[in-house]
Every structure is written in structure tokens, then in C-alpha cells.
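Visitor: Need coordinates for the below:
(2 chains)
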Amino acid sequence: DAGITQSPRHKVTETGTPVTLRCHQTENHRYMYWYRQDPGHGLRLIHYSYGVKDTDKGEVSDGYSVSRSKTEDFLLTLESATSSQTSVYFCAISEARDRVGYTFGSGTRLTVV
Amino acid sequence: GESVGLHLPTLSVQEGDNSIINCAYSNSASDYFIWYKQESGKGPQFIIDIRSNMDKRQGQRVTVLLNKTVKHLSLQIAATQPGDSAVYFCAENPPSYQKVTFGTGTKLQVIP
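Guide: Numbering: from 1, shown residues only, chains lettered A, B, ... in the order given. Below is the predicted model:
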């Protein structure tokens, strides 16, 4: 997707290991979000950021942490991966805090074995 | 992604026909709504939005209708094409910086 890149696209990891997913944007948008997508659920917000070093928890933040040291990068870390964190993770960006559409990355498919 | 398309309600439409995809939203205070399209293996893509002071908005081949009385949104796609095959879901945005809520989606299958 133009202006937003997620890496890696696919990852398989073992239970108990730390994992970091990266979101990089070239749009200079202030707002960035991490979502997970699972069958039977809508996109669920994990963490979000309103600017450099300004982050907050979403509805499913347990077991996850984030960091934003630069406007363009938003990192999601699974501190000790569990099988329940097997999911597709999407990063999104927006130019305003609300009442605007988000631009999503292509996603990272994470499998915890 | 592919796994998200499983277990979803599916709408099968003949190519060239019109499609109507429905969404019920939950928060009567929501005042901004968006439809997204998600193709297999890709991230959601913004299609069209509507504010609560409107009941209809048209884009290119798409129309969104909003019925606030029954908290219902619909997305109409005219002359459906094979490239329209995807999962479609709505999102609602309440006021006062409350978080966006996404629906689970409907899978649209276009029959050539």
C-alpha cells in the first residue's frame, strides 16, 4: 500500500519468544495504529500513537507493547508470544485523530507455534 | 486475509448486477461512518464515508445509505464486476475521540 509498509509480511515464531513487527510510513501522518484481525471479529485495536513517544492502549493490549521514536516508525512487540496471538496484524495511519478514513498496510501474518 | 473471509456471511452476485451490502452499527452517538474493502491477502482499503448529517452519499459506482433511526448502513455497488470480489466492512466513529469500531464484514462473490 502506498506510503505504508509493514515488515515482515509473514512470520512463524515459537511460544515464549519476543517478536517485533514494524510499520513504516512515508506520509508524515501523526496518527498510527496497530490492529489485529481474527475470524469472527472485526479489527481490534491493540495500541495507538498520536505522535512521537505518545502512545496509548487499545482494547486488546495485554501482552503487547509499542514504541514510536520517529514519526515514520511504529513498532509492535509481543513480549512473550503465545498461540492466542496468532493473527494477522495491520498497521494503519491517519492524518487526523478521528472522522477520517485510515490507510492500512498490507498486514503481517504471524503464527505462534 | 484469506482466513478472515471464512465464517463470514456471503453475498453472491452475478456480474453486471447491483450489489447491496448491509451493516448494523451499535452506537447511536456515532456520527461518522466508513466502508472498507478488503481483498484477499491485502489490507483494508477506504471506499467511501458518510457523516451523520447526510442520509446518502455517492461515489464512483458506489452509494452509501445511512438510516440513523434503525442504526443501519448499506453499501450499494452498481454494475458489479469481478474485481469487486472482496470482504466489505463498515466502521463507525463516535464523537469525543472515542475509538473507531469495525464490523466483521460481508464477503462479496461475483459470479462471471
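
Visitor: Please count neighbours and contacts with C-alpha atoms only from this point.
Guide: Noted.

Visitor: so who does the closest residue to A:Y89 other than its chain neighbours touch?
Guide: Spatially, and ignoring its direct neighbours in sequence, A:Y89 is nearest to A:R36 (4.4 Å; C-alpha to C-alpha, 6 or more residues apart in numbering or on different chains). Contact analysis of A:R36 by C-alpha atoms under 8 Å, 6 or more residues apart in numbering or on different chains lists A:L43, A:R44, A:L45, A:I46, A:S87, A:V88, A:Y89, A:F90.

Visitor: Please flag which of those residues sit within strands.
Guide: In strands, defined here by DSSP state E, the members of the contacts of A:R36 are A:R44, A:L45, A:I46, A:S87, A:V88, A:Y89, A:F90.

Visitor: Save the contacts of A:R36 as JSON lines, and put in pLDDT, neighbour count and distance to A:N28 too.
Guide: Shown next, in JSON lines, are the contacts of A:R36 (pLDDT from 0 to 100; neighbours: other C-alpha atoms under 10 Å in any protein chain shown; distance: C-alpha to C-alpha, whole Å):
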{"residue": "A:L43", "pLDDT": "93", "neighbour count": "24", "distance to A:N28": "23"}
{"residue": "A:R44", "pLDDT": "96", "neighbour count": "21", "distance to A:N28": "24"}
{"residue": "A:L45", "pLDDT": "95", "neighbour count": "23", "distance to A:N28": "21"}
{"residue": "A:I46", "pLDDT": "97", "neighbour count": "24", "distance to A:N28": "21"}
{"residue": "A:S87", "pLDDT": "97", "neighbour count": "20", "distance to A:N28": "27"}
{"residue": "A:V88", "pLDDT": "97", "neighbour count": "24", "distance to A:N28": "24"}
{"residue": "A:Y89", "pLDDT": "98", "neighbour count": "26", "distance to A:N28": "21"}
{"residue": "A:F90", "pLDDT": "98", "neighbour count": "26", "distance to A:N28": "18"}
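
Visitor: any idea which of those residues is closest to chain B?
Guide: A:L43 (5.7 Å; C-alpha to the nearest C-alpha).

Visitor: How about the secondary structure of the closest residue to A:K53 other than its chain neighbours?
Guide: In this structure, A:K53 finds its nearest non-sequential neighbour in A:R68, 5.3 Å apart by C-alpha to C-alpha, 6+ apart. Under DSSP: H, G, I helix; E, B strand; the rest coil, A:R68 falls in the strand class.

Visitor: A:R68: neighbour count?
Guide: Using other C-alpha atoms under 10 Å in any protein chain shown, A:R68 is surrounded by 20 other residues.

Visitor: who's the closest residue to A:V88 other than its chain neighbours bridged to?
Guide: Nearest residue to A:V88, sequence neighbours excluded (C-alpha to C-alpha, 6+ apart): A:R109, at 4.4 Å. On the basis of DSSP bridges, A:R109 is bridged to A:H10, A:V88.

Visitor: What ranges does chain B have for its strands?
Guide: Here chain B has its strands, by DSSP E, at B:10-14, B:19-24, B:32-38, B:45-51, B:56-58, B:62-67, B:72-77, B:86-93, B:101-102, B:106-111.

Visitor: rank those strands by mean pLDDT and give me the bottom one.
Guide: Mean pLDDT is lowest for strand B:101-102 among the strands of chain B, at a mean of 92.
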